[in-house]
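Enquirer: Have a look; sequence and predicted model below, questions after that.
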Amino acid sequence: GESVGLHLPTLSVQEGDNSIINCAYSNSASDYFIWYKQESGKGPQFIIDIRSNMDKRQGQRVTVLLNKTVKHLSLQIAATQPGDSAVYFCAEPQIKAAGNKLTFGGGTRVLVKP
Amino acid sequence: GAVVSQHPSWVICKSGTSVKIECRSLDFQATTMFWYRQFPKQSLMLMATSNEGSKATYEQGVEKDKFLINHASLTLSTLTVTSAHPEDSSFYICSARTRLAGLYEQFFGPGTRLTVL
């Protein structure tokens, strides 16, 4: 979404539980999506990406699900650890277009409780 | 590979002074670099798009005379905050874009924390 400037919602998770972070996008023409993780005081880090010809992609402890019908993206983190505490953003860069710029949605803060 | 650095990582300055922040792509060439600003507990807001050898394109509401951007080479872009004031205190993040295997990919720097007293 384009909720730039809004304060971040927070997801509190018990260590060891699974986390699910959701993201809605508006551009039905988007064909590529990225999830970023931003730890406090650092720049965004690439976590995982998915192309629109897929509905699921798995990485190490992370899974991204894409539902193009409702324009919804989710990031699932398995067995959440204290190091997963961060803000998570989804982004939809138009990687085939030189003129496009990558903007971030509102993001979700994940707090892992010991 | 694909590392982006920023310098300084943090800076404290007095109100009215100017501050320059550097963004470098260390192991690739970036025809386009982007500057973002992030206030506490908020998302990254795109300030401007910088293309090597041409003028930067600023987002609506961003003063081009206050935030001077120079992209003189394919590996360096600078952001100068002129006559900084306390409300300019923020976390400034750059990113550099390159083309890999025909697709455009963007890599982020670690950010620069600016505090204006």
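Expert: That came in fine, so what should we check first?
Enquirer: what comes up buried for the strand ranked longest in chain B?
Expert: Selection of the longest strand in chain B by residue count, based on DSSP state E, yields strand B:90-100. Residues of strand B:90-100 classed as buried: B:90-98 (neighbour count, 16 or more other C-beta atoms under 10 Å in any protein chain shown). To be clear about C-beta, it is placed using only N, CA and C from the backbone, and glycine gets the same treatment.
Enquirer: And for stretch A:72-92?
Expert: Residues of stretch A:72-92 classed as buried by neighbour count (16+ other C-beta under 10 Å): A:73, A:75-77, A:80, A:84-92.
Enquirer: near chain B, which of the residues you listed show up?
Expert: Filtering these for neighbours of chain B using C-beta under 8 Å from any C-beta of the partner chain leaves residue A:89.
Enquirer: Where strands are concerned, which of the buried residues of stretch A:72-92 count?
Expert: A:73, A:75-77, A:86-91.
Enquirer: Just give me the closest of these to chain B.
Expert: Within the set of these, residue A:89 lies nearest chain B; the separation is 6.9 Å, counting by C-beta to the nearest C-beta.
Enquirer: So that closest one is in contact with residue A:105, correct?
Expert: Yes. Using C-beta atoms under 8 Å, residue A:89 and residue A:105 qualify as a contacting pair, with a distance of 6.2 Å.
Enquirer: between the two, what contacts are shared?
Expert: When contacts are counted by C-beta atoms under 8 Å, 6 or more residues apart in numbering or on different chains, the set common to residue A:89 and residue A:105 consists of residue B:43.
Enquirer: All set, thanks.
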